[in-house]
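Asker: I would like to see how this sequence folds:
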Amino acid sequence: MSSERYDVVVVGSGAGGGLVAGEVADSGASVLLLEAGPHRTAADFMRWEAHANHHIWFPPTLVEPEAAGAPPLAVIRGRCVGGTSTVNTKVALRPSDEDYAKWHDAGGLLGAGGAPFGAGDMAPHFERVEARLGVRERADWQTCIHTVAPGFAALGAELEPVMSYTDANCMRCGSCLQGCPTNAGKNTMNVYIHPPWVDGRLTLRAECVVQRILIEDRGSGPEAVGVEYVGPDGAAHTVEANVVVVAAGAMGTSHLLLRSGIREAAGGSASSQLVGRHIGWHPARIIAGLFDEPQDAHRVYPISAHCMKFQSDAAGGFIVEAATIQDPIGFAVMLSDEDGVPMFGRQLNEMVRRYRYFSGLLTMVTDCNNGTAWIDESGRDRYSYAFNDVERERDVAAARFAREALLAAGARRVLPSSQSSTHVQGGCRMGSDPERSVVNARGESHDVRRLFVGDSSVIPSTLSVNPSLTIMSLASRLAQYLAGGEHGYFEGAVAHAAV
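Answerer: The predicted structure follows:
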């Protein structure tokens, strides 16, 4: 094994891993952060959609339907330092009480004093992350929002300003999905990773793909002892660690654990059998309305407003956000006619020519975590979804409401997209019951000591809201625990100071 050793090795630099690495490094621990994607910064970002798609996004992953005849679900995620937090829309929302209740129901997750885990357990972590990100209200709506707002009001619903981790330098240029060129959009790279990295307190290695977590039994049961990864030059490397935090995103973490032999190390325990199970997709659609006047919904801060009237399961189980329209390539690819048939030829050409006249609403459905990740006989990573009647009804209701709101606002045509996902959650469910969860309330594997999961994989049940702020706050909670040293995993006489 290599002589190189760190207190903590973190796999993945997104909303979870980037924050864990930065905060633990701030405490004085030695941290190695490994990222599969490139290290691109504001100096590299430009509003060039095709360039960004190729360089800082994974190719879309197609999730297979279990139902015959159903279409695949496209999943879109970032592949760069900062992960999807570098290329998202910065919406900052906390879970609802209903969300927390589902977490407890799913895996028996307990908080302080043995009570069901709830808002009180997370409040200080949300407050700390919100303060560092500079979360603020975005009521600076532009034409496309003011156009659709009366449509919501006509249906007895209201649009509200979103909370966002963007600062006053945001010029509403609309380039969030290609990376913010001014650093006005906050992410784990420019807030948590760069400060300790620039000072030499954090080791960051980009374009490094982790092949497996090293798991050994040194007399007290299986434990994580390091990682193997392949660097940008194609050479293989091994690094030892006192603690390994896997944060490769919900699309990557489960597969990495499976490839590392966690089930074999755990003797096929109930907990290890749940790795890759209970994945939630938070499926979304863009419902685009064509108006008589230019909306320029591509030249805005995307997602400036939302309608929360239908957030609870009883009220509908969905949220509608406004206003958004993809950049031209994505817009053309997503366009379907009113019957959901993908557009092509002359009809598509005519609609793309009207690009500036569209304003879009994003629907997001709270699903029931019926997704699965596995590795097939040929060694390929695969995923599946199995939406039930409740999930399908929510999708239909959300799209119908968005369509009616756009028509009430004066849209001449309303065109839906197919379903997609950017908010994948679950696969390594957090809970206090090892029979129903993969990691404990601290994020540590029930089966393998010193192995933690620090990303959206741990979310026990799909959130009703955009998940990035929750992922970061859960990661900060984990970082506090690791930095505090009560686990006893760091070598040396004294624990590092809590961040």
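Asker: Give me the pLDDT value at the closest residue to Arg138 other than its chain neighbours.
Answerer: Leaving aside its sequence neighbours, Arg138 sits nearest to Ser164 (Cβ to Cβ, 6 or more residues apart in numbering; 4.7 Å). Bear in mind the C-beta positions are built from the backbone N, C-alpha and C, glycine included. You'll see Ser164 listed with a pLDDT of 97.
Asker: do Ser417 as well
Answerer: 94.
Asker: if I pick it, what's in contact with it?
Answerer: Contacts for Ser417 (Cβ atoms under 8 Å, 6 or more residues apart in numbering) come out as 285-288, 334-336.
Asker: In helices, which of the residues you listed fall?
Answerer: Met334 (DSSP state H).
Asker: Please, where are all the helices along the chain?
Answerer: 17-26, 49-55, 97-107, 119-133, 143-154, 188, 194-198, 253-259, 262-265, 270-273, 328-334, 345-353, 389-408, 468-484.
Asker: returning to what we had before: for the contacts of Ser417, which one is nearest Thr147?
Answerer: Of all those, the one with the least separation from Thr147 (Cβ to Cβ) is Ala288, at 12.7 Å.
Asker: Okay, Pro124 and Val230: tell me how far apart.
Answerer: In this view, Pro124 and Val230 are 39 Å apart by Cβ to Cβ, to the nearest Å.
Asker: ditto for Tyr489
Answerer: Remark: distance between Tyr489 and Val230 (Cβ to Cβ) = 26 Å.
Asker: So the two - more neighbours on which side?
Answerer: Between Tyr489 and Val230, counting by other Cβ atoms under 10 Å, Tyr489 is the more crowded of the two (19 against 15).
Asker: Quick one: residues contacting the more buried one.
Answerer: 242-243, 450.
Asker: What of Ser473?
Answerer: Under the criterion of Cβ under 8 Å, 6+ apart, the neighbours of Ser473 are 122, 125-126, 128-129.
Asker: ok, and the closest non-adjacent residue to it?
Answerer: His125 (4.3 Å).
Asker: so that neighbour touches Ile471, yeah?
Answerer: No: counting by Cβ atoms under 8 Å, no contact exists between His125 and Ile471, whose distance comes to 11.2 Å.
Asker: of those two, who's got more company?
Answerer: Neighbour comparison, His125 and Ile471: the larger count goes to Ile471, with 32 against 19 (by other Cβ under 10 Å).
Asker: per-residue confidence at the more buried one?
Answerer: 98.
Asker: Just read off the phi/psi values of the residue nearest to it when sequence neighbours are not counted.
Answerer: Spatial nearest neighbour of Ile471, excluding adjacent residues (Cβ to Cβ, 6+ apart): Ala15 at 4.2 Å. Main-chain dihedrals, Ala15, degrees, to the nearest 10: phi -60, psi -30.
Asker: ok, the closest residue to Thr182 other than its chain neighbours - contacts?
Answerer: Using Cβ to Cβ, 6+ apart and skipping residues adjacent in sequence, the residue nearest Thr182 is Asn169, 5.1 Å away. Taking Cβ under 8 Å, 6+ apart, we find Asn169 in contact with 182-184.
Asker: now those residues: which count as buried?
Answerer: 183-184 (16 or more other Cβ atoms under 10 Å).
Asker: which one of the contacts of Asn169 is nearest Arg263?
Answerer: Set against Arg263, the nearest of these by Cβ to Cβ is Asn183 (42.2 Å).
Asker: The closest residue to Pro294 other than its chain neighbours and Val244: what is the separation?
Answerer: Excluding the flanking residues, the one nearest Pro294 by Cβ to Cβ, 6+ apart is Arg356, at 4.6 Å. Computed as Cβ to Cβ, the Arg356 to Val244 distance reads 49 Å.
Asker: Looking at those two, which has the bigger crowd around it?
Answerer: Comparing Arg356 with Val244 by neighbour count (other Cβ under 10 Å), the higher total belongs to Val244, at 28 against 14.
Asker: Now for that one: which residues touch it?
Answerer: Per Cβ under 8 Å, 6+ apart, neighbours of Val244: 8-9, 11, 213, 224, 226-227, 450-452.
Asker: Return the member of the residues you listed nearest to Ala248.
Answerer: Proximity of these to Ala248 (Cβ to Cβ) peaks at Val11, which lies at 5.5 Å.
Asker: mind giving me the domain split of this protein?
Answerer: Using automatic domain parsing, the domain ranges for the chain come out as 1-39+80-88+93-134+187-277+425-499, 137-178+283-422.
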